[in-house]
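Fold the following and give me the result.
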Amino acid sequence: MKILITGCKGQLGTEIQKQLRLGYSEIGPIPESLQNAEIVAVDLPEVDISKLEPTLAYIAEVAPDVVVNCAAFTNVDGCETMHDVAFQANAVGPRNLAMACEKIGAKLVHVSTDYVFSGRANGGIPLDEADAPNPISAYGSTKVQGERYVQQFCSRFFIVRTAWLYSYYGKNFVKTIYNAGKKFGKLEVVNDQLGNPTNAVDLAHVLLQLAATQEYGIYHCTGEGICSWYDFAAAIIAGGKVDATVAPCTSAEYKAKHPESADRPAWSALDNRMLRCTIGNCVRPWQEALEVFFQNWDGENGMK
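Modelled structure (predicted):
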């Protein structure tokens, strides 16, 4: 078994590599068929998936059984001002990988986002895979187009939408709040945007579980349970034992102070329905996953 990971330097790509090397995660063992897999991990500038011919040639040469695409332009505010760059990374890149995978019969595991949804009034019901995308930001629209291209050009695909991702590695909301709390002692975080915090351990574990199957389709994979960014931040300060306070604010109040910021979904809680109905949903409650994170995190960019 040969697995190619694009965007390997990011927090998810790093976690997937770790689980493949160890053969297990905090949740349990990875599939037997992936044990001792050959790992090919690439990122910019080595491979630019936004370029079609080089991508086709590279995939043909490496000949992986599975491609896990963790590459993306995830700067939500930056996507508003660099729309072409975002489109190349989030739409054209997945298209090229889909075409390349189809040519050699490889499976494609493509990571997407809750931002494909509008996040507007939904009656408090978590969004499942049957709900229609309707993005309100450039980031969301480019990720939607990436999903469409994957479905159009590849017959063996897993599109996995996640949200509010954090990890032991790289930059993320948990580390930002933890460090800001220690530095400033007082924080203000929006309390009217709700979703699901997701530990990269859980997401990586699920991606590998899916990759070992033929249960193709669109999936949601987020931490179990719903909270606001304010709730999440308060839990981070408490879990990290930071001497700081967190105050709530509205999205309108935040926007007034940061008019350049992109619109964020007010309701982006996802339901892992497809997981429950196929391979099973092993994702942890978000509070439990965060607690384990603080038990294992080294306080910087790795584990104790």
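
For residue 4, which residues are in contact?
40-42, 59, 62, 64, 66-68 (Cβ atoms under 8 Å, 6 or more residues apart in numbering). To be clear about C-beta, it is placed using only N, CA and C from the backbone, and glycine gets the same treatment.

That one sits in which helix or strand?
Using DSSP states H and E, residue 4 falls within strand 2-6.

Alpha carbons of that strand, in PDB - could you do that?
In PDB, the C-alpha atoms belonging to strand 2-6 read as follows (Å, rounded to 0.1, in the frame of the first residue of the first chain):
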ATOM      1  CA  LYS A   2       1.300   3.400  -1.000                       C
ATOM      2  CA  ILE A   3      -0.200   6.600   0.400                       C
ATOM      3  CA  LEU A   4       0.500  10.100  -1.000                       C
ATOM      4  CA  ILE A   5      -0.200  13.000   1.300                       C
ATOM      5  CA  THR A   6      -0.400  16.500  -0.200                       C
END
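
if we can go back for a sec, from the contacts of residue 4, which land in strands?
40-42, 66-68 (DSSP state E).

Taking the residues you listed together, which two end up most distant?
Spatial extent of the ones in strands among the contacts of residue 4 (Cβ to Cβ) is set by the pair 42 and 66 at 13.8 Å.

who has more neighbours, those two?
In this view residue 42 and residue 66 are compared by other Cβ atoms under 10 Å, and residue 66 has more residues nearby, 24 against 18.

quick revisit: would you list the contacts of residue 4 in a markdown table and tack on pLDDT and distance to residue 181?
Output for those, formatted as a markdown table (pLDDT from 0 to 100; distance: Cβ to Cβ, whole Å):
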| residue | pLDDT | distance to residue 181 |
| --- | --- | --- |
| 40 | 98 | 39 |
| 41 | 98 | 33 |
| 42 | 98 | 36 |
| 59 | 98 | 44 |
| 62 | 98 | 43 |
| 64 | 98 | 42 |
| 66 | 98 | 39 |
| 67 | 98 | 38 |
| 68 | 98 | 33 |
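
mind listing what's buried in the helix or strand just after the strand holding residue 4?
Later in the chain than strand 2-6, the nearest helix or strand by DSSP H and E is helix 11-22. For helix 11-22, burial by neighbour count (16 or more other Cβ atoms under 10 Å) applies to 11-20.

Of those residues, which is the nearest to residue 72?
residue 12 (9.5 Å).

The strand holding residue 4: how far from the chain's middle?
On the basis of Cα atoms, centre = their mean, to the nearest Å, strand 2-6 sits 17 Å off its chain's mean C-alpha point.

State the mean pLDDT of that strand.
Strand 2-6 shows a mean pLDDT of 98.

Paired strands for that strand, with orientation please.
As defined by DSSP bridges, the strand partners of strand 2-6 come to strand 38-42 (parallel), strand 66-69 (parallel).
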